[in-house]
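Asker: What follows is a predicted structure for the sequence shown.
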Amino acid sequence: MTYELVLAISSFGINFPALRPKVVSIIEDFVSTFRKTRFSFSSYFSLIGLLQALTDKVSILTNDLFRNLLSVFDDKFYNGVEQAILSIGNLDVEILHTFQQYNSEFSSLFFMFLVGKLCTSFLCELIGGQPGESLIHCMISKGENIREFDAGEKDLLIYLFDISLRNIKYVNTSPDTITASSHARLSAVYLIKATSLEIISLGFLNGIVPIDEFKSYVNAYLDQISKFDNSSEVFEIVNSELLQSIFAAAAILSKTDTAVGYQLNRLFPSILSIPMLDPASVVMLTSSVIYSLKPLSQDEIVSSIYGLTNILSDPKDVHSDKTPENKSLQSERDSAILESRPIVCRNVVTAVGEITQEFHNESLNILVVTIISQKINKTADESNLILLEGLASFVNIMEKREFLIVLRNVYDILNNCKSQSELDRVIAVWVFLSEIIASDPKKKWLNVYLDN
């Protein structure tokens with residue numbers, strides 16, 4: 001109920017400027033009650049609704065209202081949440097169960113995460129971000145055009161930087177019963193670290209965080225995710241917003257320290273080879289890699305393409321070791337490769353496509369088409385069709401030789417279909433290719449396509 005009420009009243013203040021001072025005053029009065037009252041479970045839930053509504057309508061916040069709200073969330077508050085959990089009654093248990101519907105858990109960490117989201121939304125608004133845009137994406141997309149804060153804004157950013165450090169200390173020093181006793185709590189820890197790192201990154205861009213301090217944060221995270229083979233924790237990071245924040249922070253640092261850009265470029269393929277990234281995350285990670293590649297040489301961009309395509313396992317390499325003593329182990333390995341290959345293929349195609357579109361030049365286009373074509377065989381399996389569809393998406397930036405290679409791949413796979421289902425999948429890619437060719441205003445390849 002609090003969420004809906006605050007959302008409604010905030011909308012009035014945003015849409016009707018004459019009402020804004022009154023709306024801000026009402027919200028101020030409501031916030032002040034949380035600094036004076038002894039918290040019950042109902043007041044905790046009311047505060048959750050307030051935080052979520054103000055995050056959605058962040059433009060209603062003034063600097064003073066924002067600071068007053070944040071002052072509620074100190075160590076005493078977070079400790080109070082954990083104490084309240086230990087003393088819950090039977091009626092309160094039912095309320096807590098509602099969190100499970102959202103894969104969350106009522107805890108101090110949940111509040112800390114909500115506060116972090118509010119802070120990053122407020123800062124994103126401050127630097128001219130779009131509604132719903134994340135702070136880290138806004139910083140990367142604006143790049144060197146991000147505006148510098150004035151003295152008052154820098155003072156606020158210092159305040160938020162101090163809160164971020166306090167939050168990191170809280171999650172790093174609290175016992176496992178608070179930070180890792182459930183999957184929901186562990187996920188909240190990663191989200192808290194993500195928002196904190198975003199605020200620290202903005203602090204670096206505004207000269208508040210010294211480069212050596214910022215570098216220590218970034219390097220520690222990069223070192224952590226570089227050991228994904230030996231650390232199950234990194235797989236949790238992959239499924240959180242923290243990975244995107246780490247890549248973006250590293251990209252921001254790479255403008256000052258190009259060695260970090262090289263490091264990020266080398267690390268990217270190993271991250272994409274983890275078969276659990278969703279397409280949106282791949283695009284976000286790639287945007288950070290592109291940001292870090294811009295000050296580097298053309299050779300480094302080519303190296304990035306090679307590094308990404310090299311993780312595409314060649315189907316001919318499967319079953320390569322058939323010695324009896326390795327037969328069982330090899331069978332398990334082959335099964336894992338074949339199961340994950342379509343996901344990895346899609347990750348690579350997405351990343352390579354983003355990079356190619358950004359650094360569009362003829363030699364790079366030829367390289368991409370040639371390498372991906374070499375990874376395609378003549379069978380209509382899912383991986384081949386993903387690679388083929390990826391090639392099809394590049395046709396409008398190709399030269400004739402590369403376009404003919406794509407057509408040859410389509411026809412080769414089409415002629416090797418062994419079932420109706422395989423034929424249907426190939427035709428779907430063929431239709432996709434045809435639609436791209438037809439939608440090109442210049443009709444660049446229409447006649448070549450029809451002649452072949």
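Answerer: Perfect, thanks for sending it.
Asker: show me what contacts the spatially closest residue to Asp56 that is not a sequence neighbour?
Answerer: Nearest residue to Asp56 in three dimensions, chain neighbours excluded: Leu7, at 6.3 Å (CB to CB, 6 or more residues apart in numbering). Placement of C-beta: from N, CA and C, glycine included. Each residue near Leu7 by CB atoms under 8 Å, 6 or more residues apart in numbering is listed here: 53, 56-57.
Asker: And Leu7, what's its pLDDT?
Answerer: In the predicted model, Leu7 carries a pLDDT score of 94.
Asker: Quick check: buried residues in whichever helix or strand it is part of?
Answerer: According to DSSP states H and E, Leu7 maps onto helix 2-15. Buried residues in helix 2-15, counted by 16 or more other CB atoms under 10 Å: 2-3, 6-7, 9-10, 13.
Asker: which element follows the least confident helix or strand in the chain by mean pLDDT toward the C-terminus?
Answerer: Scoring the helices and strands of the chain by mean pLDDT, DSSP states H and E places helix 90-97 at the bottom, with a mean of 64. Once the chain leaves helix 90-97, the next helix or strand it forms, by DSSP H and E, is helix 108-126.
Asker: And that next one, what does it pack against?
Answerer: When contacts are defined as 3 or more CB pairs under 8 Å, 6 or more residues apart in numbering; DSSP states H and E, helix 108-126 packs onto helix 41-56, helix 63-70, helix 75-86, helix 135-142, helix 151-173, helix 176-179, helix 183-205.
Asker: Below-threshold pLDDT in the stretch 151-300 of the chain: ranges please.
Answerer: Along the stretch 151-300 of the chain, segments meeting pLDDT under 70 span 229-235.
Asker: mind running it again at 80?
Answerer: Low-confidence segments of the stretch 151-300 of the chain (pLDDT under 80): 227-240.
Asker: quick one: contacts for the nearest residue in space to Asn206 that is not next to it in sequence?
Answerer: Excluding the flanking residues, the one nearest Asn206 by CB to CB, 6+ apart is Phe149, at 5.0 Å. The neighbourhood of Phe149, defined by CB under 8 Å, 6+ apart, consists of 126, 157, 206.
Asker: Give me the buried subset of those residues.
Answerer: Burial by neighbour count, judged by 16+ other CB under 10 Å, picks out 126, 157, 206 from the contacts of Phe149.
Asker: how near is the first one to Val406?
Answerer: Look at Leu126 and Val406: by CB to CB, to the nearest Å, they are 46 Å apart.
Asker: hmm, back to that, what about the helices and strands packed on helix 108-126, which gets the closest to Ser292?
Answerer: Ser292 lies closest, by CB to CB, to one member of the helices and strands packed on helix 108-126: helix 135-142, at 9.8 Å.
Asker: Need the contact partners of that closest one.
Answerer: Contacts with helix 135-142, where a contact means CB under 8 Å, 6+ apart, come from 120-121, 123-124, 127-130, 133, 146, 195, 198-199, 201-202, 205, 244-245, 248-249, 251-252, 284, 287-288, 291.
Asker: If you go by neighbour count, which of those residues are buried?
Answerer: Buried among those (16+ other CB under 10 Å): 120-121, 123-124, 127, 129, 146, 195, 198-199, 201-202, 205, 244-245, 248-249, 251-252, 284, 287-288, 291.
Asker: where along the stretch 301-450 of the chain do the helices fall?
Answerer: 327-358, 362-374, 382-392, 400-415, 420-439, 446-451 (DSSP state H, counting those that start in this stretch).
Asker: so which strand or helix has the residue nearest to Asn206?
Answerer: Using DSSP H and E, Phe149 maps to neither a helix nor a strand.
Asker: how much space between Lys227 and Val369?
Answerer: According to CB to CB, Lys227 and Val369 sit 34 Å apart.
Asker: okay, these two: which has more neighbours?
Answerer: Val369 (24 against 10; other CB atoms under 10 Å).
Asker: Name the nearest residue to Ile436, ignoring sequence neighbours.
Answerer: Distances taken as CB to CB, 6+ apart put Val395 closest to Ile436, at 5.7 Å, once the chain neighbours are dropped.
Asker: residues in contact with the one you found?
Answerer: Shown in contact with Val395 (CB under 8 Å, 6+ apart): 403, 406, 433, 436-437, 445.
Asker: Just name the lowest-scoring one in the residues you listed, pLDDT-wise.
Answerer: Trp445 (77).
Asker: mind listing what it touches?
Answerer: By CB under 8 Å, 6+ apart, Trp445 lies in contact with 395-396, 398, 403, 437.
Asker: which one of those residues is nearest Asp64?
Answerer: Using CB to CB, the shortest approach to Asp64 within those belongs to Asn396, at 52.2 Å.
Asker: Assess the claim that the closest one and Ile436 are in contact.
Answerer: Yes - using CB atoms under 8 Å, Asn396 makes contact with Ile436 at a distance of 6.7 Å.
Asker: quick check: angle from whichever strand or helix holds Asp299 to helix 362-374?
Answerer: Element membership for Asp299, per DSSP H and E: helix 298-309. Helix 298-309 runs at 20 degrees relative to helix 362-374, counting by axes from the mean of the first three to the mean of the last three CA atoms, to 10 degrees.
Asker: Which strands or helices does helix 298-309 pack on?
Answerer: Other elements packing on helix 298-309 under the criterion 3+ CB pairs under 8 Å, 6+ apart are helix 258-272, helix 279-293, helix 327-358, helix 362-374.
Asker: Next, the angle from the next helix-or-strand element following the helix holding Leu7 to helix 41-56.
Answerer: Counting by DSSP H and E, the element after helix 2-15 in chain order, helix or strand, is helix 20-36. Interaxial angle, helix 20-36 versus helix 41-56 (the same axes, to 10 degrees): 140 degrees.
Asker: still on that earlier bit, dump the contacts of Phe149 to JSON lines, plus distance to Lys418.
Answerer: Output for the contacts of Phe149, formatted as JSON lines (distance: CB to CB, whole Å):
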{"residue": "Leu126", "distance to Lys418": "59"}
{"residue": "Leu157", "distance to Lys418": "62"}
{"residue": "Asn206", "distance to Lys418": "61"}
